[in-house]
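>>> next comes the sequence, and after it the predicted model I'd like to discuss.
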Amino acid sequence: NSNENVLTRAIGMGARAFRARGQVKQRHGFAHFYGHNGIWKREVLDQLNGWRTSVSEDFDTAIEARLLGYHGKYATHIVTGEWAPTSFAEFQKQLKKWAFGTTEIFLKHFLKIIHSPIFRWSEKLDLVLHLLNYAMSPGILFFSFMLLFTNFPSTFLMTFVFAYIAGLAPLLAEAIKCLI
């Protein structure tokens, strides 16, 4: 339904960017599992005693599997789709679920991720930036506002913004490519 309205077109563009981002992340970051269009080895789920029961059970289960030494892969030659919310109210509900689930996973796994010898440093950085995404967005707005009305050191703000943008670079590149 990516051509149903302006919202579904924007979400469709984001989904295409996520696929491109996934290809980069499997080499240089954490290969997430987004809860659909995926295949799991039965032995992995057996070792985990099944799916997690958190709000973002897909992401939670993927982190738990990585802590056991497994890792995800993207099958880039297989193209799948999903239905996008068709109204802003539905989309807002979806975003609230993602924000709540991501925060829940941050609280549950942050120390495990940081201290785990299994995660590469690039996976740790990727996951921390991803898990802090919803918390950092208001911070960027706050610091941007401070910069406009004070002599707040711009170096600190730019470092903060760069750390945030670095996690979104593949997504931004794909979005720009789609617009051109």
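Cool, the structure landed. From a predicted model like this one, the values you see are computed outputs, not experimental measurements. Residues are numbered from 1 along each chain as shown.
>>> tell me how far the residue most central in space within the chain lies from Ala62.
Centroid-nearest residue in the chain, with CA atoms, centre = their mean: His130, separated by 4.9 Å. Between His130 and Ala62 the distance is 11 Å, computed by CB to CB, to the nearest Å. Just so you know, the C-beta spots here come from the backbone N, C-alpha and C atoms, and that holds for glycine as well.
>>> what do those two both touch?
Shared contacts of His130 and Ala62 (CB atoms under 8 Å, 6 or more residues apart in numbering): 30, 32.
>>> buried stuff in stretch 8-23?
Across stretch 8-23, burial judged by 16 or more other CB atoms under 10 Å covers 8, 11-12, 14-17, 20-22.
>>> quick one: those residues as CSV, columns for distance to Ala135 too.
Shown next, in CSV, are these (distance: CB to CB, whole Å):
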residue, distance to Ala135
Thr8, 28
Ile11, 23
Gly12, 27
Gly14, 20
Ala15, 24
Arg16, 26
Ala17, 22
Ala20, 25
Arg21, 20
Gly22, 23
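>>> ok, back up a step: okay, and the residue nearest to the centre of the chain sits in which element?
helix 121-131 (DSSP states H and E).
>>> then Glu43?
helix 42-47.
>>> quick one, the following helix or strand past that helix and helix 121-131 angle?
Next helix or strand after helix 42-47 toward the C-terminus (DSSP H and E): helix 57-67. Per axes from the mean of the first three to the mean of the last three CA atoms, to 10 degrees, the angle that helix 57-67 makes with helix 121-131 is 160 degrees.
>>> could you shift the numbering so residue one becomes 816, and keep it that way?
I'll keep to 816 as the first residue from here, and by that count the last item is helix 872-882.
>>> skip the chain neighbours and tell me the closest residue to Tyr849.
Asp873 (6.1 Å; CB to CB, 6 or more residues apart in numbering).
>>> where in this structure is pLDDT low?
Applying pLDDT under 70 to the chain picks out residues 952-995.
>>> neighbours of the residue lying closest to His843 once chain neighbours are set aside, how many?
The shortest distance from His843 to any non-neighbouring residue, by CB to CB, 6+ apart, is to Ser937 (5.2 Å). For Ser937, the neighbour count with other CB atoms under 10 Å is 13.
>>> wait, Ser937 sits on Ala846?
No: taking contacts as CB atoms under 8 Å, Ser937 lies outside contact range of Ala846: 11.4 Å.
>>> ok so, going back, and the helix holding His945, what other elements does it pack with?
In terms of contacts (3 or more CB pairs under 8 Å, 6 or more residues apart in numbering; DSSP states H and E), helix 936-946 is packed against helix 821-843, helix 903-930, helix 969-994.
>>> on that earlier part again, now the residue nearest to His843: how far from Val870?
Ser937 is 26 Å from Val870, by CB to CB.
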